[in-house]
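J.: here is my input, please return the structure:
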Amino acid sequence: MKKVLVLCTGNSCRSQLAEGYLRYFAGDKAKIFSAGVETHGVNPRAIATMKEDGIDISGHTSNNISEYASVDFDYVITVCDNARERCPFFPSNAKKFHYNFPDPAKATGTEEEILQQFRNVRQVIKDYCEAFVKDNL
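T.: Numbering: from 1, shown residues only. As a prediction, the model looks like this:
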């Protein structure tokens, strides 16, 4: 079974959305992990936004990349430029992918405007994850 790591800065939003969708689309084809170069906790709006699309990530945890130092990943996907720049060296042959998704946690405005930013980013991440699974798993 393939092992996929989604890496972000704080493992609170984008990587959590991607983990949820990769698990959904990959099914039993892969084991999906997510982590951050820091840990910020899972963003409540990320949980709510995914729930709107029928995916429950409320049980996800915010993990630090150091927790997975001994895992031999097949794929590492960085979902923000900061994580790519700070990504530690993995002593493996993991194939690396990168996409700098906008950070919905930095959205401003009314609650509805902020939630719309989360929905927009959710859709981009969903499309990316569906294509990733189709092309790589």
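J.: C-alpha from now on. contacts and neighbour counts both.
T.: OK.
J.: ok, residue 49 - contacts?
T.: Counting by Cα atoms under 8 Å, 6 or more residues apart in numbering, residue 49 touches 115, 118-119, 122.
J.: do that again at 7 Å, thanks
T.: Counting by Cα atoms under 7 Å, 6 or more residues apart in numbering, residue 49 touches 118-119.
J.: work out for me the element it sits within.
T.: Under the criterion of DSSP states H and E, residue 49 resides in helix 44-52.
J.: only alpha carbons, please: show that helix as CSV.
T.: C-alpha atoms of helix 44-52 as CSV (Å, rounded to 0.1, in the frame of the first residue of the first chain):
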residue,chain,number,x,y,z
PRO,A,44,-12.8,24.6,13.0
ARG,A,45,-13.8,26.2,9.7
ALA,A,46,-11.9,23.5,7.8
ILE,A,47,-13.9,20.9,9.7
ALA,A,48,-17.2,22.7,9.0
THR,A,49,-16.4,23.3,5.3
MET,A,50,-15.5,19.6,4.8
LYS,A,51,-18.7,18.6,6.6
GLU,A,52,-20.7,20.6,4.0
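J.: where does it sit relative to the chain's centre, distance-wise?
T.: Centroid separation between helix 44-52 and its chain, computed with Cα atoms, centre = their mean, to the nearest Å, is 13 Å.
J.: and what of stretch 30-41?
T.: When C-alpha coordinates are averaged (Cα atoms, centre = their mean), stretch 30-41 and its chain have centres 7 Å apart.
J.: how about residues contacting it?
T.: 1-12, 15-16, 19, 22-23, 61-65, 83.
J.: what comes up buried for that stretch?
T.: Within stretch 30-41, the residues that count as buried by 16 or more other Cα atoms under 10 Å are 30-40.
J.: which members of the contacts of stretch 30-41 are classed as buried?
T.: 3-12, 15-16, 19, 22-23, 61-65, 83.
J.: the residues you listed in helices, which ones?
T.: For those, the ones inside helices are 15-16, 19, 22-23, 83, with DSSP state H as the criterion.
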